[in-house]
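Chemist: Build me a model:
(one chain, ligands or ions: 2)
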Amino acid sequence: MKGKIFIISGPSGSGKTTLYKKLLESNKDLIKTISVTTRLPREGEQHGREYFFVSPKMFQHKKRAGHFLESQQVFNNYYGTPKKNVYDLLRQGKNVLMCIDVKGAEVVWHKFPKAIKIFIKPPSTAILKKRLVSRGSENNEDLELRIKTACEELKKAKLYDYVIVNDSLNHAYQKLETVVNKELNRF
Ligand code: ADP
Ligand code: 5GP
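Modeler: Ligands and ions are numbered 1, 2, ... in the order given. Predicted coordinates:
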């Protein structure tokens, strides 16, 4: 299989979605896997675009049927990467981008040791909190859980091939684009 796998992880609110959406716009050779989740859609999110939004019952059914390459409970919901989606893309020679949590990332890189691992870090916890609050997508309880979990996730940054600090968006994006282009051109 010719395609390469890129994994992007990092705390909630670190800017993964903002960065990967920009990357996909300017890089048509890179296709993002669309995960299945039990989380409710946020305003503006579309079924089949950001995620496949399903009920907990449907998620468990898919899990039992072997639908996922990996799946995890993240915060209070379940998320899974569809296996077929990944293998189909790789067989077509496409480069695959996954935006998944640190636990799921470890499962994927054990299956695909050549996967390129990129960690997006917020400049500080205070800024992370500010950005999550301004996104306005979580209630207070979920927000606290995401911030608490961030401290644990940040400890995993050293396991990644690249760590990008999302200070100014343009700066972080340039770094991400440079890393991805470098890896795409590597034989
Ligand atoms: P994640 O996907 O990692 O949870 P998002 O991409 O949703 O994070 O970003 C969280 C919030 O922070 C969003 O409201 C986004 O617009 C904002 N954001 C992302 N990067 C920056 C940045 N460099 N400077 C300021 N705000 C940012
Ligand atoms: P959010 O609810 O903010 O979209 O995502 C919460 C967390 O779940 C993020 O860290 C995101 O990267 C992660 N995530 C999204 N899809 C998957 C997936 O398929 N598998 C795993 N393990 N994590 C995922």
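
Chemist: Quick check: bridge partners of the residue nearest to the spatial centre of the chain?
Modeler: Nearest to the mean C-alpha position of the chain, by Cα atoms, centre = their mean, lies residue 99 at 1.5 Å. With DSSP bridges as the criterion, residue 99 is bridged to residue 8.

Chemist: correct me, but it touches residue 8?
Modeler: Yes: using Cβ atoms under 8 Å, residue 99 is in contact with residue 8, at 4.7 Å. The way it works is simple: take the backbone N, C-alpha and C, and place the C-beta from them, glycine included.

Chemist: one step back: dump the residue contacts of the residue nearest to the centre of the chain.
Modeler: The contact partners of residue 99, by Cβ atoms under 8 Å, 6 or more residues apart in numbering, come to 8-9, 16-17, 20, 32, 35.

Chemist: hmm, 10 Å instead?
Modeler: Going by Cβ atoms under 10 Å, 6 or more residues apart in numbering, residue 99 touches 6-10, 16-17, 19-21, 32-33, 35, 50, 81, 105, 118, 120.

Chemist: where along the protein do the strands fall?
Modeler: Remark: strands assigned in the chain by DSSP state E are 5-9, 30-32, 35-37, 51-53, 68-74, 77-82, 95-99, 116-121, 162-165.

Chemist: Now render those strands as TSV, adding distance to ligand 1 and mean pLDDT.
Modeler: Listed next are the strands of the chain as TSV, based on distance: least, Cβ to the nearest ligand atom, whole Å; pLDDT from 0 to 100:
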stretch	distance to ligand 1	mean pLDDT
strand 5-9	9	98
strand 30-32	12	96
strand 35-37	12	98
strand 51-53	12	98
strand 68-74	11	98
strand 77-82	12	98
strand 95-99	7	97
strand 116-121	6	98
strand 162-165	9	98
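
Chemist: so can I have CSV of the ones you listed showing distance to residue 144?
Modeler: Converted to CSV, these look like this (distance: least, Cβ to Cβ, whole Å):
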stretch, distance to residue 144
strand 5-9, 21
strand 30-32, 29
strand 35-37, 20
strand 51-53, 23
strand 68-74, 15
strand 77-82, 16
strand 95-99, 23
strand 116-121, 20
strand 162-165, 23
